[in-house]
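>>> below are the sequence and a predicted model for it; my questions follow.
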Amino acid sequence: MSKLVDDPTNNPEKEIIDINEDSYSNSNRNTCWQRFFSKITNGSFRGALISVCIFSLGPGIQSMPLKFSKVGLFIGWGILLIASLINYMTMNILLKLSTNYKIKSYPSLVKRIFGSFFSNVLNLFVIFNNMGAFTLYLVIGNIFYINIII
């Protein structure tokens, strides 16, 4: 098999080199099993990927198995379905209102509909929500990530 390669000296002529099967030696590469199931080291790609997944999915999805075990499978799925429908309807209402008023941010939409007092209250609730979420991330990261993953 041959490959066309650019000459590094900026010569307009192209050089054709021969690529052998032996030139791509797999002796220094890890197997799939070694890459997925070896120990996670500090600063590794897998460690960073797991951290991003944990923090992006949030504490809600991580606590679902515990909640399902407490309330039961059918009630858990029922509550999840009802919450999903409520979320869908709420987002649909917000999208229709933002389209009608031609407003692109949620605080501006609240200010337009309910006034500036409720816009400030919304900003305060967002701050408290973020503080609570960060606290939960610290707790979940401390309990689950350290004890289970490492």
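Yep, it's here.

>>> those strands in the protein, which residues are they?
Secondary structure of the chain (DSSP state E): strands at 2-5, 15-18.

>>> have a look at this protein and report its longest helix.
For the chain, the helix that runs over the most residues, judged by DSSP state H, is helix 73-101.

>>> quick one: it to chain centroid distance?
Centroid separation for helix 73-101 versus its chain: 21 Å, with C-alpha atoms, centre = their mean, to the nearest Å.

>>> kindly report the same for stretch 120-134.
Averaged C-alpha coordinates place stretch 120-134 at 21 Å from its chain's average position (C-alpha atoms, centre = their mean).

>>> and stretch 114-123, by the same measure?
Relative to its chain's centre, stretch 114-123 lies at 29 Å (C-alpha atoms, centre = their mean).

>>> dump the C-alpha coordinates for that stretch into PDB.
The C-alpha coordinates for stretch 114-123 follow below in PDB (Å, rounded to 0.1, in the frame of the first residue of the first chain):
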ATOM      1  CA  PHE A 114     -44.500  39.700  36.400                       C
ATOM      2  CA  GLY A 115     -42.500  42.900  36.900                       C
ATOM      3  CA  SER A 116     -39.000  43.800  38.200                       C
ATOM      4  CA  PHE A 117     -39.600  42.600  41.800                       C
ATOM      5  CA  PHE A 118     -40.300  39.000  40.700                       C
ATOM      6  CA  SER A 119     -37.300  39.200  38.300                       C
ATOM      7  CA  ASN A 120     -35.100  40.000  41.300                       C
ATOM      8  CA  VAL A 121     -36.700  37.200  43.300                       C
ATOM      9  CA  LEU A 122     -36.000  34.800  40.400                       C
ATOM     10  CA  ASN A 123     -32.300  35.900  40.400                       C
END
